[in-house]
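A.B. asks: I would like the atomic coordinates for the input below:
(2 chains)
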Amino acid sequence: MAHSYTPGLTVTDQTVIYRRRMLPLPGTVVVTVGDLVRSDQVVARAELPGKVFPVNLANQLSVAPGEIKDYLIKKEGDVVGKDEILAENKPLIKWFKTEIRSPVAGTIESVSSVTGQVLLREPPRVLQLLAYVNGTIIETIPQQGVVVETTCSLVQGIFGIGGETSGEIVMAVKGPDEALTPGHFNSAMKDKVVVGGSFLSAEAMKQAKAVGVAGLVVGGIHDEDLRALLGYDLGVAITGTEQVGFTLVLTEGFGTIPMAAKTFKLLSSHVGQKASISGATQIRAGVIRPEIIVPREHTSSKGAAQSQREGIRLGDPVRIIRDPMFGRIGEVSALPSGLTKIPTESEVRVLEVKFADGQKAVIPRTNIEVIEGA
Amino acid sequence: MTASASSPPKIDRPLNVIVATDCGSTTTKAILIEKVGDEYRQTYRGEAPTTVEAPFEDVTRGVLNAIAEIEELSGRKILDGDKIITPCRDDKTGVDIYISTSSAGGGLQMMVTGVVQNMTGESAQRAALGAGAIVIDVLAANDGRLPHEKIERIRSMRPDMILMSGGTDGGAVTHVVEMAEYIAAAEPRPRFGVTYKLPLIYAGNKEAQPQVRKILEDKSALVVTENIRPVLERENLAPARNKIHDLFLEHVMQQAPGYKKLMEMAGAPIMPTPAAVGLIMEAIAKREHLNLIGVDIGGATTDVFSVFDGLFNRTVSANLGMSYSVSNVLAEAGLANIMRWVPFTIDEQTLRNRIKNKMIRPTTIPQTLDELQIEQAIAREALRLALIHHKSLATGLKGVQQERTISDVFEQQTSGKTLIDMLKLDLIVGSGGILSHAPRRIQSMLMMVDAYEPMGCTRLSVDSIFMMPHLGVLSTINEKAATDVFVRDCMVYLGTCVAPIGQGKDGDLCADYEITWPDGKTTKEPLKFGELRLFLLESGKQATIKVQPAKGVNMGSGAGVAVTKEVYGGVVGLLLDGRGRPLKLPADQPGRVTALTKWFNAVGLYPGPSIER
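C.D. replies: Next comes the predicted model:
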């Protein structure tokens, strides 16, 4: 009965990860297999089609849709400037002349004799796809993207906001149970990834923004502070596109929760090194968790790749992920196979967790997560 | 299995052992069905987290894990490595068929278009919803958005499929062609798979088919089918629905992680979960000649089904659910509406943090009683909001000309009125984790009563262990097996709720009632406002209740008019609800906690003080 468990978050000093960098639409890949790339290096680019503006010429000229071709000055595929004449009528008296001008600069995409409208498309915008992490290109997918391999230290968070960024790691607090306060921030933290402990207050967020930190990594925040930061109540955990001034990664969850000692220790050991971080979180439909990646230069990748675990075992380090013991960490000390009645009267599969102080607790299996990469 | 969904395969070998799974957004549930003597019974179940997500990214992993649990519990060898042993080799090895439904990975997400929003737009929406899809947007010529906004919207949403409708056959083609031009300009791209073309179904004015083909054939995987609204007075949703199912299997499922493998494992086409549940709901209504409302409250979405006077409707509230979308229930219902069902005080910050923690760790379950009470409070609001949504879409056709006679002078009804009439409702069927797995059945019953506020006499039931999706897909290949299991193992009748309509001061007379029990004994008592009473009335038993409402109170036949009805028992019994309709809770905190505690204790909702019956 070892199948019902929640795969945990990875916190590991050395692993090999592969990041698939894909363009949102076909484009050009500008690197080749074997290239060493930096996190801020362009690996592929694509042209995002410009916005489309329909202009209904038939209505504006008061003619039938089938007739508009007779009034067009420009034809399909032509380039037009803003306010350039697209079509005009030729009345006997000049005063009655109607000229239809282009509302945008772009090209004429199509002319419809059924609806009488012309579709204008603005020039394309170039999208540059960055490598995101320092590493080696191990695969190129023509027109679509690349796969970057890197040997690194990896910390997966539980929830984040904001997109990809990078910066040097700075520890702002002394221990994992210390909260980040406005006083912890200084001007030297500009463009850095600042690691806090158990909690980040709304005031501390403001200060972080003022200082211009690139990223913040903390144990927890209050939901109401998140709502204030975003300006709306987040309904579904799909994030990564927020523009709040920094990227935020929570390692534990909502509330004041000390960062797991292992996570704190690992991040502390990389102070001064450059990390790539992403707040993008998607809990439904192909989970994406926020992450902090610290590439390890000159390290052999041999043996560093993790094997996929098959189930939960005695001695596994676990984190409790539901009240009343939310956030506590211990190890599995028993795995009874039968169903056990819990205080809600539900009969569920449980396991026994032993904490560092020797105490034990019986927890539903679904309410723990294995600390991966231990 | 790649047979078309609209024409399920004929299985000619005997099916004595069946394993079925439902790959939900949170968990994959497996059940084993075995032929015992002449009838089919559900014998074992197992579940495991769904594995559409990293690190597995292969839905079959969760399926195999869930089946492995069944193996352990039943002692039957079903798996040979990563393969399901079919057919049975002996009475302890293998199964005769494996079947599955799926809503994992966000289900089937569709965008629909029409010409007039509340006519062809709504018809298209109903077609998509009935096929088990989540409708992420409805575009129409009159939706109030500017053309470039529509194009941006089509481009930014990444649906799994688009359904285009618009125009009656022989009507104007311009608006339909215009929408086709917008779609072509937007170059819509599917959610999964960078290189494949987006499936697009055209089910609009047949006169516009050539132009639509010309515009969209190269830019999408275009399928043309019959018009869903050939004339204003009639909807023709079946051909479009069948095409949606076929394309779901041919295109969408092929792209989701591990689904190709899953389709090869399955002996019948994989159905979207809501489509399978819809089949079952329709079958119950038809078999028992009932008006019903069914609900399936999941982790990400809440589906509501209704059959009134034989008309089937389904809606999905895409972001009302108990795990992935739990935070959205808070956002939509508001904290005060959730708190009104919680029988204790809790500070806002703690509650908000707890709800968000459930959102980011969706597979966790309540471990303490107060956590359970909070989850059930949220469920009441999710159920309530989803029914409001359903009522707005389960309507008669709009835009239909009505013949009026002199008798309509005083009561003019507009077309497109909601079909949901709580007084005509016979049965409420609940399904989904929070209802099926509530530790006490009365909890499921009261959650539905509080959320739906049934009026008059309404029977309630619940899916015993959440197996309606499995039985829905099973019914397409073996009707008898599905019906046997449904009647014996799936449907748990909770009992009947009797609720007079009206309001009054707590303690005032609401109605006088007289119950004649199956053994002939009678109970004659007054029901007061603010009172909730529960009587034991076993499953399969019936009693007769005569209700004489107080002045101004209605039981469905008019204010103060007495009503006599046969009521059905169930595992909970007969619930007399004197709390009034519409249901109003005390606004002040201590008053609310006192009222909730009184009601909860009166029906023995949670462990604690003993219940008087």
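A.B. asks: now stretch A:92-112: how far from the chain's centre is it?
C.D. replies: 43 Å (Cα atoms, centre = their mean, to the nearest Å).
A.B. asks: let me fix that: stretch B:544-562
C.D. replies: 32 Å.
A.B. asks: With only the CA atoms kept, save it in CSV.
C.D. replies: What follows is stretch B:544-562, C-alpha atoms only, in CSV (Å, rounded to 0.1, in the frame of the first residue of the first chain):
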residue,chain,number,x,y,z
THR,B,544,-46.9,9.1,4.3
ILE,B,545,-46.6,12.7,5.5
LYS,B,546,-49.5,15.2,5.7
VAL,B,547,-48.2,18.7,6.1
GLN,B,548,-50.6,21.5,7.1
PRO,B,549,-48.6,24.7,6.6
ALA,B,550,-49.2,27.7,8.8
LYS,B,551,-50.8,30.9,7.4
GLY,B,552,-48.6,32.3,4.7
VAL,B,553,-46.5,29.1,4.5
ASN,B,554,-46.5,27.0,1.3
MET,B,555,-45.8,23.4,0.6
GLY,B,556,-46.1,23.8,-3.2
SER,B,557,-49.9,23.8,-3.5
GLY,B,558,-50.5,27.4,-2.2
ALA,B,559,-50.2,29.2,1.0
GLY,B,560,-51.8,27.4,3.9
VAL,B,561,-52.9,24.5,1.7
ALA,B,562,-52.3,21.0,3.2
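A.B. asks: Give the rounded mean pLDDT of that stretch.
C.D. replies: Stretch B:544-562 carries an average pLDDT of 94.
A.B. asks: how close does residue B:270 sit to residue B:85?
C.D. replies: Distance, residue B:270 to residue B:85, by Cβ to Cβ, to the nearest Å: 20 Å. Any C-beta I mention is one placed from the backbone N, CA and C, and that applies to glycine too.
A.B. asks: Check residue A:184 too.
C.D. replies: Counting by Cβ to Cβ, the gap from residue A:184 to residue B:85 is 60 Å.
A.B. asks: circling back: compare neighbour counts for residue B:270 and residue B:85 and give me the winner.
C.D. replies: Neighbours per residue (other Cβ atoms under 10 Å in any protein chain shown) separate residue B:270 from residue B:85, with residue B:270 holding more: 26 against 17.
A.B. asks: Give me the pLDDT value at that one.
C.D. replies: Here, the pLDDT recorded for residue B:270 equals 88.
A.B. asks: Pull the contacting residues for the nearest residue to it once chain neighbours are set aside.
C.D. replies: In this structure, residue B:270 finds its nearest non-sequential neighbour in residue B:100, 5.1 Å apart by Cβ to Cβ, 6 or more residues apart in numbering or on different chains. Taking Cβ atoms under 8 Å, 6 or more residues apart in numbering or on different chains, we find residue B:100 in contact with B:20, B:21, B:22, B:23, B:63, B:262, B:265, B:266, B:270, B:473.
A.B. asks: Of those residues - the most surrounded one?
C.D. replies: Going by other Cβ under 10 Å, residue B:21 tops these with 33 neighbours.
A.B. asks: helix or strand for that residue, which one?
C.D. replies: For residue B:21, the host element (DSSP states H and E) is strand B:17-23.
A.B. asks: what are the bridge partners for residue 29, then?
C.D. replies: No chain in the question, so chain A it is. Counting by DSSP bridges, residue A:29 forms beta bridges with residue A:44.
A.B. asks: oops, I was thinking of chain B
C.D. replies: Under the criterion used (DSSP bridges), residue B:29 bridges to residue B:22, residue B:47.
A.B. asks: Based on its surroundings, how many neighbours for it?
C.D. replies: 25.
A.B. asks: quick one, what contacts it?
C.D. replies: Residue B:29 neighbours (Cβ under 8 Å, 6+ apart): B:21, B:22, B:45, B:46, B:47, B:66, B:466, B:467, B:470.
A.B. asks: With respect to chain A, which of the contacts of residue B:100 is nearest?
C.D. replies: For chain A, the nearest member of the contacts of residue B:100 is residue B:63. The distance, counting by Cβ to the nearest Cβ, is 11.0 Å.
A.B. asks: Nothing else from me, thank you.
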